[in-house]
Every structure is written in C-alpha cells, then in structure tokens.
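Engineer: structure of the sequence below:
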Amino acid sequence: MKNHHSIHLWRCCACALIITLQGAQTMSAESRPTSTSESPKKVMGLEKVIAFYGAYPELASQTFTRGGDWKYWQARGGIVSEGVVHYNFLRKNVAEASDVLAQIDFADNPNPVVNIDEFGWDYDGGIDQHTAAILQAVHEKRPDLKITVWQMRGPVAPELAAVYRQTVELVLLETYFDLNDAWMIPFQLQAARLTGLLDKSVVALGLGKESKDKGNYRWTQTAEELEQQIRLIRFVAPESPGVGFFGKWKLKENSCPLTDDQLDEICGRFLETPTDGSGLAPELLELGKVFTKRYEKPAIFCSSEFALPHFHSGHDGGPWGSMREPPTVRLLMMNLGQEDAKGVKARLRSPGDEGEVWASGQADIPARSVAVALLDILPGKQYNGWTGTEILEVEAPGSAVFIFTDSRFHGR
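Structural biologist: Next up is the predicted model:
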C-alpha cells in the first residue's frame, strides 16, 4: 500500500456544537458483535451485495445492477433494478409522487425492484419528511415493489431510517472519498447500526474522481486503496452485506491503475475478507478501533460535513428547497457511549483566523443513538456550510468528543 496522509480527526473533551433538541428522534442498537464469523443477512435473497451504478456483465462479482436485462441477470444470480431519479417525482405531492413510483412498468419481470437516486436531503427536515411519506404511500399501494435507495449526504437520520426499515430493501450510502477521508466509512456504518439499518446498508464508493465542474476530487483509484476500504468495512461492520460503486467508467476515463480484473477479484472475495482488521494499514486499524471501542462514558462523533439547512418540501408551507423560518441548521451526531450526553453545546463558524460563529445551540444526546440537533442561525447571519467547509466546535463536559474534518477543505 502506498503511503497516505494521516486521517483528519480532532478529539477533545471540551469544544462546541448544537441547539435545542426539540423532540429529536433516536434509535439505539447493540454494539459490534464479539463474533464476526457469520455471513451478513441476505438482502433480496443475495448472499452478498456487489452493486454497481450500471450493468457490467464482464464483472463476475456484480450481483446488483441499475438497469439491464432481468432474465440475463436472474440466470446468473443477480438482481436488476429500474432506475428513477428524484426530480421525476419528489417535488410532487404525496399522492402524485407515490403514483409515479407505484406505476413503473416492469414489463414481464416477476421481481420488480426500483432504485431511487437520490434521497437524504436535510436530516429529517421538510424534504426528508416528504420523502418518508412518499415511501410509505408507495409501500401501501404496491407492497410487492422492492425499493432500493442511493443515500446522499452522509448517514441516514433517525426518522427517515425508521421508514427505511419498513419500506426499503437496500440502502447504498454515498461515500465518495479517497483514503484521506476514510473516517466516512465507519461513521456511515456505525450510524446505520444505531438506526437498525446495518443489515441492509452498504457503503457506496466513488471510482476514479469527481467531475471537474464539481471539484475534480480524487476517489478510489487503485487496487491497494480498494483493498484497504473493503478491509475497513469488514472490520467495523461485518454485518453489512456488501459494497456499492459509482463511476466505474471513470477509471478508464481518468487513466486510473485499478483494473476491472482487480476490482472483480477484490469484490468477489468480499465475504472472505478478514473481519479482525488484519491487513489494514496501522492508521486505518486505529481509526476502526476508534469507532468500535466500547465507551462507558458518552462518546460524541460529529462533523461539519453533516450540517444541513432545514428545507421546505414545497408541500409544508414553503417553496421547494427554501429554508424554513426561523433559519435552522440540522446537525446529525451520534453517541457511541453507554451513557447519555447531557448539555452538549455546539456552534459552527466560518474557517480562518477571523471566522465568525454563525450558528449555535445546546442539546442532550442519548446513549448509543443517532440524533439530529437543531442549531439556530444567529441574527444577521446566513447558512454557509455546504459539505463540511465550516468549523465545528463542541463542548461536552464528561464526554469524549471526536470531530472529523473533510480533508478537501481543511488540509491533508
């Protein structure tokens, strides 16, 4: 494995972040099992989920595809999903939107599966609430329809996760980073564990790199990187049934060293990859241990990456995508400790020596839970922080606090 820059992690026992947690929903779960020899629970009958955004018959390991001949993929033991994008239905009211999904024509395919791109807008805010209502309506109208979703913007918030547990077969968690931001992998998976979604959730990695108009940021490009990512997944969450990918064509497009044969070989032995951390680079093994350690006291895990506005859905008194009043930041946090975190204070400020605080608040975070904290945007300020650009500060007396940063914006 090539040398990689250190993982960006700031740990403190007194820093800053949150507002009044007005009835925030939480969901507890058991800690990482001591025995990791068992195979993950089957998803839609699959021994393992190796999902690609697209059909690639030359990859023997692929078991889930977005698009393709269902008869061909069924014969080789795979599952085909019919792709639909959110802008085809999400702005409609619940009745109309659910009709769009429930009325998809699957021709003679006896196993109808839809893959929705994308969900996860504002951590149980207005759009996520609208999303949840649509999913429930679709499930009632067409219970035979299997729903799979690509989840953007980090972990699934508790209220949406509760609906996913009832209506969704597979959750693909967007994790489009290189190893500089490997913390995203265990954060996603442990959040899925706490919300009861781990046995149907897989990390979805980006291959190649992001398009130039979106930053040109590096994703997974080598076999060594992919091997380390898979080993980290298996160490942190052996119950997760597989791994997903976006951008296979970008490997060739960007002249990346990772070949189809290497990709296929690594994915093909996903379930045989050790779950004890063996073969992980020392810094990645240590990172995995940070997320899997048993914390007797509160242990707060958070990042400015997971701070989003509370949006209107267009059906809750405000136009689609507009911010609710008073302006609020919804911050997703998790507590991996065995005790509740009381009186946690939080704030967001702009980067730089002269960066100003623009949102703050206080909340309690129950033991072993994912919670959405509400931060008031201060008078005269506005929302600044798309995708982890801002500085998150947390004060949580008596708690361990782990603040993770996005290396694209906070150095490598």
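Engineer: residue contacts, the closest residue to residue 316 other than its chain neighbours?
Structural biologist: Distances taken as C-beta to C-beta, 6 or more residues apart in numbering place residue 126 nearest to residue 316, at 5.0 Å, with adjacent residues excluded. All C-beta spots, glycine's among them, are computed from the backbone N, C-alpha and C. Each residue near residue 126 by C-beta atoms under 8 Å, 6 or more residues apart in numbering is listed here: 310-313, 316, 318, 324.
Engineer: one more pass at 7 Å, please.
Structural biologist: Contact partners of residue 126, counting by C-beta atoms under 7 Å, 6 or more residues apart in numbering, are 310-313, 316, 324.
Engineer: residue 357 too?
Structural biologist: Counted by C-beta under 7 Å, 6+ apart, residue 357 has contacts 347, 349, 378.
Engineer: the first one: which element?
Structural biologist: In other words, residue 347. strand 341-349 (DSSP states H and E).
Engineer: so residue 204 bridges to which residues?
Structural biologist: Beta bridges link residue 204 to residue 174, residue 244 when assigned by DSSP bridges.
Engineer: after the longest helix along the chain, which helix or strand is next?
Structural biologist: Across the chain, the longest stretch assigned as helix under DSSP state H is helix 126-141. Sequence order places strand 146-151 as the next helix or strand after helix 126-141, per DSSP H and E.
Engineer: model confidence at residue 352, what's the number?
Structural biologist: Looking at residue 352, its pLDDT is 89.
Engineer: measure it to residue 359 for me?
Structural biologist: To residue 359, residue 352 is 17 Å away according to C-beta to C-beta, to the nearest Å.
Engineer: give me the more crowded residue out of these two.
Structural biologist: It is residue 359, of residue 352 and residue 359, that has more neighbours when counted by other C-beta atoms under 10 Å, with 28 against 8.
Engineer: quick check, that one in a strand?
Structural biologist: Yes: counting by DSSP: H, G, I helix; E, B strand; the rest coil, residue 359 falls inside a strand.
Engineer: how far away is it from residue 393?
Structural biologist: Distance from residue 359 to residue 393, by C-beta to C-beta: 11 Å.
Engineer: hey, what's in contact with both of the two?
Structural biologist: residue 347.
Engineer: what about the helices in the stretch 301-412 of the chain?
Structural biologist: Secondary structure of the stretch 301-412 of the chain (DSSP state H, counting those that start in this stretch): helices at 407-410.
Engineer: show me where it has strands.
Structural biologist: If DSSP state E, counting those that start in this stretch is used as the criterion, the strands of the stretch 301-412 of the chain fall at 307-309, 328-335, 341-349, 357-365, 369-377, 391-395, 400-404.
Engineer: out of those, nearest to residue 43?
Structural biologist: Nearest to residue 43 among those is strand 369-377; the distance by C-beta to C-beta comes to 21.2 Å.
Engineer: average pLDDT across that closest one?
Structural biologist: 96.
Engineer: only alpha carbons, please: show that strand as CSV.
Structural biologist: Output of strand 369-377 as CSV, limited to C-alpha atoms (Å, rounded to 0.1, in the frame of the first residue of the first chain):
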residue,chain,number,x,y,z
SER,A,369,-28.0,6.8,19.3
VAL,A,370,-28.0,8.9,16.2
ALA,A,371,-29.7,12.3,16.8
VAL,A,372,-30.5,15.4,14.8
ALA,A,373,-29.6,18.6,16.7
LEU,A,374,-31.1,21.9,15.8
LEU,A,375,-28.8,24.9,15.6
ASP,A,376,-30.3,28.4,15.4
ILE,A,377,-28.6,30.6,12.7
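Engineer: in its sheet, what does that strand sit against?
Structural biologist: Here strand 369-377 is paired, per DSSP bridges, with strand 328-335 (antiparallel), strand 357-365 (antiparallel).
Engineer: a markdown table for these, including mean pLDDT?
Structural biologist: A markdown table is the format used below for those (pLDDT from 0 to 100):
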| stretch | mean pLDDT |
| --- | --- |
| strand 328-335 | 96 |
| strand 357-365 | 93 |
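Engineer: what about the helices in the stretch 51-200 of the chain?
Structural biologist: Under DSSP H, counting those that start in this stretch, the stretch 51-200 of the chain gives helices at 70-75, 94-102, 126-141, 158-167, 184-194.
Engineer: how far away from the center of its chain is the fourth one?
Structural biologist: Okay, so that is helix 158-167. Offset of helix 158-167 from its chain centre (C-alpha atoms, centre = their mean, to the nearest Å): 14 Å.
Engineer: kindly report the same for the first one.
Structural biologist: In terms of C-alpha atoms, centre = their mean, the gap separating the centre of helix 70-75 from the centre of its chain is 29 Å.
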